[in-house]
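Chemist: structure, please.
(2 chains)
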Amino acid sequence: MPIDPGPSDDAQGIDFRRDYDNSPCGFLTTTPQGLIRNVNQTFLAWTGFTREALVGSRTFVQLLSPGGRLFHETHYAPLLQIQGWVREIALDVVCANGQRLPVLVNANLDRDEAGSPVAVRIALFDATERREYERELVRAKDRAEASEQRARELARTLQLSLIPPSLPQIDGLEVAGDFRAAAEDVDVGGDFYDVFAISADEWIVALGDVCGKGVEAAGLTALARHTIRAVAVGLHTPSAALAALNEVLLGHESDRFCTVAMIRMRREGDSWRVVLGSGGHPPAVLVRPGDPPVMVGGSGPLLGVIEEPDFEDHQLLLAPGDALVLYTDGVTEGRRGDEFFDEDRLLESVDRNRSSAFAIVDGLVREVGDFQDGHLRDDVAVVAVGVRG
Amino acid sequence: MDATTRHHVALSGRAEGQPIVFAHGYGCDQSMWRLVTPAFEEEHRVVLFDLAGAGSADPAAYDPERHSSLEGYAQDVVDLLEELDLQDVIFVGHSVSATIGILAERRVPERFGALVLVGPSPRYIDDPPYVGGFSEQDIHELLGSLSSNYLGWSSVMAPVIMGNEDRPEYGQELTASFCRTDPDIARRFARATFLSDNRADLPLVSTPTLVLQCSSDVIAPVEVGEYVHQQIPGSAYALLEATGHCPHLSAPGETIAAITSFLRDRVRV
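Modeler: From the prediction side, this is the model:
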């Protein structure tokens, strides 16, 4: 097919033919059906084809890799037909020697005055470097996703080390506990709980929350949990144990604080004598047969903030059928829009599920989750002890 | 959520006319049919919809498990026909939706009056002596090239297509959704489409069928169209002069003529 070179060397000395052929991008003109009608030197030099091999005998889609053909037919061609142009389509041109040339393609569909398609004009940019860069990006994205997965697993493992793998069996007592991490959170949280014996009929239950998240918070959480274990044996009241914990936290380089609810319970016949202490923690919930659940104890100074704070001990007797519930603020501060789960829902939930310590923990964790459509905004830890009736 | 919302269903044409349902192929959405549908509005109830995960279909309607195979898409079509209570349906399916239509017809043949398969392929990968047109490696290369394209597609292309202040000639509605797909969905749909093998379903089609084949189609070559025609009992076959894979865009007149002629002959029989 003869090529009209255009007005070479026109009055202004503009050489359109040379400008076309030596342009730093490849040019193709095709019929609306894709048959190549014109091609510039740059494209021929890149691909190693002769003009004769292309013009009048090949379609644009025939120059593409098989994957590129599929993409061309399913995306490029429909877009071109409907909106009249495509931009930045990534394709591979198969060169005369079989090698692939990665290109970015822009194309316009030219129509005549009646609206019928006349020609497709295609500009191709060598995208070898860019494609390699994109592959790097894809690889980096894959690596990032794998790293995130590893971080999640690490956080989960660390988190599990902050709560006992299983709770002890205590004659005459039901002990139930559960922990749920906040949804879509890679970081390890600061909630913890522990239940351990200090003598045959004497037990400590502790539940706390270190402010913040992440590795440092987790370290401090482990420190708090193990400090309570270490000091509880020698220091007989929760207030004394909390004071000791406060000193340890003050001495730690972290300026994070924490809250802890701690109970020491000793068997007295069928009942249990309980001393309840709190370092800045929400009050516990006491359930007694025939009465609505009530809040007991709670608050007091935060741990790890001030020197020599005063902690109070709260005494009570858990008779058969009674239960005591400790929880972190992930329960009461569970949010749905502007609405909090709050203490009223907490008390109602405990009331509904009062049949056993296990029912209380299961019911509360489930209801806090449901309240937030299954997406916990914050970690939730709950422990309940019930005296068997 | 009803089918109309799930699939962005658009109804037009004669309310009491015989329903004709147009199903778009892999890649774009129902706008693919815009040059063809007007010709059927006088006589038919025209039903357009977007496949799950495509165009303006409700994103919540896409279920990675259900839509990991074409059977899930076929059940979508069945649900759509049942919810709209369409009878004696003329189902026009392009490309992968030709297969989806066949699978839907297998499930509820009583609702189908005719099948029009535009550029169908029951299997894209060669399986000698069967010719699908692609090697397995080709298909995996396509899946790879999707990653490469969507890298620019999702984050760079989309704003350009949507915020077309400097291209007022392109309707907002059209360009906002056309050919835009969530890259993950596009990859999964490509896998479900191009790795499928539904050859065994062809002989079981009991609805009068027209196979519309383009004369040069790199996705569904002529051999494939002839194979589909041979395998579907009593099917009609029309080889279009149109080239490419989208005759409804590149040669709407010829496409319309082939469909209406098939429907006319059917009535006469």
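
Chemist: now A:Arg40. Nearest residue, chain neighbours left out?
Modeler: To be clear, residue A:40 is Asn; Arg isn't right here. Excluding the flanking residues, the one nearest A:Asn40 by CB to CB, 6 or more residues apart in numbering or on different chains is A:Phe27, at 4.2 Å. The way it works is simple: take the backbone N, C-alpha and C, and place the C-beta from them, glycine included.

Chemist: check B:His248 and give its pLDDT.
Modeler: Note on B:His248: pLDDT of 93.

Chemist: where's it, which helix or strand?
Modeler: helix B:247-250 (DSSP states H and E).

Chemist: quick one: whichever helix or strand comes after that helix near chain A?
Modeler: With elements assigned by DSSP H and E, the helix or strand that comes after helix B:247-250 is helix B:252-268. No. Contact of helix B:252-268 with chain A (CB under 8 Å from any CB of the partner chain) is absent, the minimum separation being 9.8 Å.

Chemist: contacts for helix B:252-268, please.
Modeler: For helix B:252-268, the surrounding residues in contact (CB atoms under 8 Å, 6 or more residues apart in numbering or on different chains) are B:35-36, B:39-40, B:90, B:92, B:114, B:116, B:118, B:208, B:210, B:212, B:236, B:238, B:240-242, B:247-248.

Chemist: which among those count as buried?
Modeler: For the contacts of helix B:252-268, a burial check counting by 16 or more other CB atoms under 10 Å in any protein chain shown picks out B:35-36, B:39-40, B:90, B:92, B:114, B:116, B:118, B:208, B:210, B:212, B:236, B:238, B:240, B:242, B:247-248.

Chemist: show me which residues of the stretch 101-250 of chain A sit near chain B.
Modeler: Contact residues, the stretch 101-250 of chain A versus chain B (CB under 8 Å from any CB): A:131, A:134-135, A:137-138.

Chemist: where do the helices sit along the stretch 251-389 of chain A?
Modeler: A:329-332, A:342-352, A:357-371 (DSSP state H, counting those that start in this stretch).

Chemist: ok, which of the ones you listed comes nearest chain B?
Modeler: When these are compared by CB to the nearest CB, helix A:357-371 sits nearest chain B, at 20.0 Å.

Chemist: from the contact counts, what lies against that closest one?
Modeler: strand A:173-180, strand A:323-327, helix A:329-332, helix A:342-352, strand A:380-387 (3 or more CB pairs under 8 Å, 6 or more residues apart in numbering or on different chains; DSSP states H and E).

Chemist: in chain B, which spans are strands?
Modeler: Assignment of strands within chain B using DSSP state E yields the ranges B:10-13, B:18-23, B:44-49, B:89-94, B:112-118, B:209-216, B:236-243.

Chemist: point out the most buried one among those strands.
Modeler: Of all the strands of chain B, strand B:89-94 has the most neighbours on average by mean count of other CB atoms under 10 Å in any protein chain shown, namely a mean of 28.

Chemist: please save the CA atoms from that strand in CSV.
Modeler: Extracted in CSV, the C-alpha atoms of strand B:89-94 (Å, rounded to 0.1, in the frame of the first residue of the first chain):
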residue,chain,number,x,y,z
VAL,B,89,-36.7,-16.4,27.5
ILE,B,90,-34.5,-15.7,24.6
PHE,B,91,-31.0,-15.7,26.2
VAL,B,92,-28.3,-13.9,24.3
GLY,B,93,-24.9,-14.7,25.9
HIS,B,94,-21.6,-13.3,24.8
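
Chemist: chain center to that strand: distance?
Modeler: Here strand B:89-94 is found 8 Å from its chain centre; the criterion is CA atoms, centre = their mean, to the nearest Å.

Chemist: what's the angle from it to strand B:209-216?
Modeler: 20 degrees (axes from the mean of the first three to the mean of the last three CA atoms, to 10 degrees).

Chemist: pairing partners for strand B:89-94, with directions?
Modeler: strand B:18-23 (parallel), strand B:112-118 (parallel) (DSSP bridges).

Chemist: possible to save these as TSV with distance to A:Arg352 and mean pLDDT?
Modeler: Converted to TSV, these look like this (distance: least, CB to CB, whole Å; pLDDT from 0 to 100):
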stretch	distance to A:Arg352	mean pLDDT
strand B:18-23	50	98
strand B:112-118	53	97
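
Chemist: so where is the stretch 51-200 of chain A shaky, pLDDT-wise?
Modeler: A:184-186 (pLDDT under 70).

Chemist: quick one, helices of it?
Modeler: A:51-54, A:66-71, A:77-83, A:128-160.

Chemist: the helices in chain B, which residues?
Modeler: B:3-6, B:70-83, B:96-107, B:136-152, B:158-162, B:172-177, B:183-194, B:222-231, B:247-250, B:252-268 (DSSP state H).

Chemist: can you tell me which of those the model trusts least?
Modeler: helix B:158-162 (a mean of 35).

Chemist: circling back to that earlier point, can you tell me who the residue nearest to A:Asn40 pairs with across the strands?
Modeler: Applying DSSP bridges, one finds that A:Phe27 bridges with A:Ala123.

Chemist: quick one: residues contacting it.
Modeler: Applying CB under 8 Å, 6+ apart, the residues contacting A:Phe27 are A:20, A:38-40, A:42-43, A:121-124.

Chemist: tell me the buried residues within those residues.
Modeler: Buried among the contacts of A:Phe27 by 16+ other CB under 10 Å: A:20, A:38-40, A:42-43, A:122-124.

Chemist: list the contacts of the closest residue to B:Asp182 other than its chain neighbours.
Modeler: Nearest non-adjacent residue to B:Asp182, counting by CB to CB, 6+ apart: B:Gly53, 6.7 Å away. Listed by CB under 8 Å, 6+ apart, the contact set of B:Gly53 reads B:59, B:61-62, B:67, B:181-182, B:185, B:188-189.

Chemist: please tell me how far B:Gly53 sits from B:Ala190.
Modeler: According to CB to CB, to the nearest Å, B:Gly53 and B:Ala190 sit 11 Å apart.

Chemist: quick one on the thing from earlier: need the pLDDT of the residue nearest to A:Asn40.
Modeler: 97.

Chemist: now the residue nearest to B:Asp182: how far from chain A?
Modeler: 14 Å (CB to the nearest CB, to the nearest Å).

Chemist: can I get the helices of the stretch 51-200 of chain A in TSV with distance to B:Ala257 and mean neighbour count?
Modeler: Below are those laid out as TSV (distance: least, CB to CB, whole Å; neighbours: other CB atoms under 10 Å in any protein chain shown):
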stretch	distance to B:Ala257	mean neighbour count
helix A:51-54	33	16
helix A:66-71	27	26
helix A:77-83	19	23
helix A:128-160	43	13
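
Chemist: possible to save these as a markdown table with distance to A:Leu101?
Modeler: Converted to a markdown table, the helices of the stretch 51-200 of chain A look like this (distance: least, CB to CB, whole Å):
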| stretch | distance to A:Leu101 |
| --- | --- |
| helix A:51-54 | 14 |
| helix A:66-71 | 11 |
| helix A:77-83 | 20 |
| helix A:128-160 | 7 |
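
Chemist: for the helices of the stretch 251-389 of chain A, which one sits closest to B:Val77?
Modeler: B:Val77 lies closest, by CB to CB, to one member of the helices of the stretch 251-389 of chain A: helix A:357-371, at 35.1 Å.

Chemist: what does that closest one rub up against?
Modeler: A:174-178, A:180, A:287, A:323, A:325, A:327, A:330-331, A:334, A:336, A:341, A:345-346, A:349-350, A:352-354, A:376, A:380, A:382-386.

Chemist: run the last query once more with 7 Å
Modeler: Outside of helix A:357-371, the residues within contact range by CB atoms under 7 Å, 6 or more residues apart in numbering or on different chains are A:174-178, A:180, A:323, A:325, A:331, A:334, A:336, A:341, A:349-350, A:352-354, A:376, A:380, A:382, A:384-386.
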